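Enquirer: Quick one: sequence plus predicted model below, questions after.
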Amino acid sequence: MNAKERVRIAMRGGMADRVPFIPQICVPHAARVLGLPFEETLLDVVQNPLRMNRLTFECVKMYGVDGLRAWLPGEPQDVVKVGEYWYGRDLQTGEQLGRVDFEGGGGVLPSDEPTVETDEDIDAISIPSVDEIKASGKLTGIKEIIDEAGEDYFVISAPPAFTVEELTWMRGKITAMMDLYDRPEFCHKYLEKAYTISINHAKALIDIGIDGLMIADTYGGVVAPHHFKEFCQAYWIRWVKEVRAYNPDVIIYLHICGHSSHLFELMANTGVDCIEPLDNLGGVSVADAKVRIGDRVALMGGMNTYRLAHGTLEEVIADTERCLSEGGPNGGYLLASGDMLPTETSVEKVRTMLEMATAYRYDLERGPLSPRV
């Protein structure tokens, strides 16, 4: 069974030949384990965004894991150092943008200054068509990876966010949270436009052959439950239905990091195939998710990111055993980090996790689980 088949079966809730492993590699980890100069490489990716996915793919091939996330590239930016920090800078206007992220997933962190203030600002935002997105060249790097990956890797991408996550980018985190209470109609007006932009990108990604789509919302788990239903879940349900109508074969999974246990049933009700990353540091239990919604959606993630970054190999082995024993029975589970793979994670830890996932096999003829870990 090839990796593409393996991941697809598991994401649909089935039993593949073994548990798939997609560790959620980002550029900082790739730069470190590929032996590249760390700061120089991350600054270069800001200036040359098409390099981002190529570095991740090279790292994935080095490990031999089952898949990767290929991000939509941002616009190229200049970089400037102010004091002890590096910042992105708009190539056209020279405006100083967000701080370059050396501690998380790389790229440029969003500013907390609102960039959309009025209904007129929203009206001025253009919506590129599917054909315009494909003709823009922004998907060229992802298409090259899809073609090179063949059947050996499951390739995932994330269309632009269109729920609370997107509001925090355009309005700043604190302002966006207040807007949910003070300006709900304004929020919906903006999200309706963001929704259409995201849908068109999803369709363009499907057209170039993407295997899976990730819906991400970093802040979905911190808003009030009634706001989650109104500004997140309702949009996700619509989005999933529209994408399914366009292509029922594409895999869709939902990412809410941090504490999300209280949202499990709401997440499962969106119609997605899988939820992740089951953040252990956020108090999320793979076992709890398996019992509550494991019969409705697949599960991915659960590995403790602190142990991956700073724990011993023995602690990572024990944590891998926990995730496999809690998520693996009866299929529908993919081993992964409880968010992105930490930059500091050693090659030895990742390879050990892959070995353990590879050893966790299913008896496809008889059905029961045959773990060998």
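Expert: Thanks, I have it. Numbers count the residues shown, from 1 in each chain.

Enquirer: Which residues outside stretch 225-238 are in contact with it?
Expert: Applying Cβ atoms under 8 Å, 6 or more residues apart in numbering, the external contacts of stretch 225-238 come out as 162-164, 167, 180, 184, 187-188, 191, 195, 215, 217, 220, 223, 254, 262-263, 266-267, 269-272. Where you see a C-beta, it was placed from the backbone N, CA and C, and this is true even at glycine.

Enquirer: Kindly recompute the last result at 7 Å.
Expert: 162-164, 180, 187, 191, 195, 215, 217, 220, 254, 263, 266, 270-271 (Cβ atoms under 7 Å, 6 or more residues apart in numbering).

Enquirer: Restricted to strands, list those.
Expert: I215, L254 (DSSP state E).

Enquirer: now, the most widely separated pair of the contacts of stretch 225-238?
Expert: For the contacts of stretch 225-238, with distances taken as Cβ to Cβ, the pair at the greatest spread is L180 and G271 (23.6 Å).

Enquirer: ok, of the contacts of stretch 225-238, which one's closest to D119?
Expert: Here the nearest of the contacts of stretch 225-238 to D119, counting by Cβ to Cβ, is C187; it sits at 11.6 Å.

Enquirer: Tell me the spacing between that closest one and P114.
Expert: Summarising the geometry, the distance separating C187 from P114, computed by Cβ to Cβ, to the nearest Å, is 12 Å.

Enquirer: if you count what's nearby, which of these two comes out ahead?
Expert: Set C187 next to P114 and count neighbours by other Cβ atoms under 10 Å: C187 wins out with 22 against 13.

Enquirer: buried stuff in stretch 82-97?
Expert: Using 16 or more other Cβ atoms under 10 Å as the burial criterion, the residues of stretch 82-97 that qualify are W86, Y87, G88, R89, L97.

Enquirer: Let me see the mean pLDDT of that stretch.
Expert: Per-residue pLDDT values across stretch 82-97 average out to 91.

Enquirer: and the end-to-end length of it?
Expert: With Cα to Cα, to the nearest Å as the measure, the first residue of stretch 82-97 is 12 Å from its last.

Enquirer: ok so, going back, dump the buried residues of stretch 82-97 to JSON lines, plus distance to V7.
Expert: As requested, the buried residues of stretch 82-97 are exported to JSON lines (distance: Cβ to Cβ, whole Å):
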{"residue": "W86", "distance to V7": "36"}
{"residue": "Y87", "distance to V7": "37"}
{"residue": "G88", "distance to V7": "33"}
{"residue": "R89", "distance to V7": "39"}
{"residue": "L97", "distance to V7": "35"}
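
Enquirer: Can you flag which of the residues you listed belong to strands?
Expert: Checking these against DSSP E, those in strands are W86, Y87, G88, R89, L97.

Enquirer: Closest one to A309 out of the residues you listed, please.
Expert: Taking Cβ to Cβ as the measure, A309 sits nearest to W86 out of these, at 22.2 Å.

Enquirer: In this structure that closest one contacts V79, no?
Expert: Yes - the pair W86 and V79 qualifies as a contact (Cβ atoms under 7 Å) at a distance of 5.4 Å.

Enquirer: how about the strands in the chain?
Expert: Taking DSSP E as the test, the strands found in the chain are 67-69, 77-82, 85-90, 96-99, 154-157, 212-216, 251-255, 274-276, 298-300, 333-334, 360-362, 369-371.

Enquirer: ok, the second one: who's next to it in the sheet?
Expert: Here the strand partners of strand 77-82, with direction, are listed using DSSP bridges: strand 85-90 (antiparallel).

Enquirer: What number of residues are in the vicinity of Q47?
Expert: Residue crowding around Q47 was assessed by other Cβ under 10 Å; the count is 14.

Enquirer: Against T115, how distant is I237?
Expert: Using Cβ to Cβ, which is the criterion applied here, I237 is 28 Å from T115.
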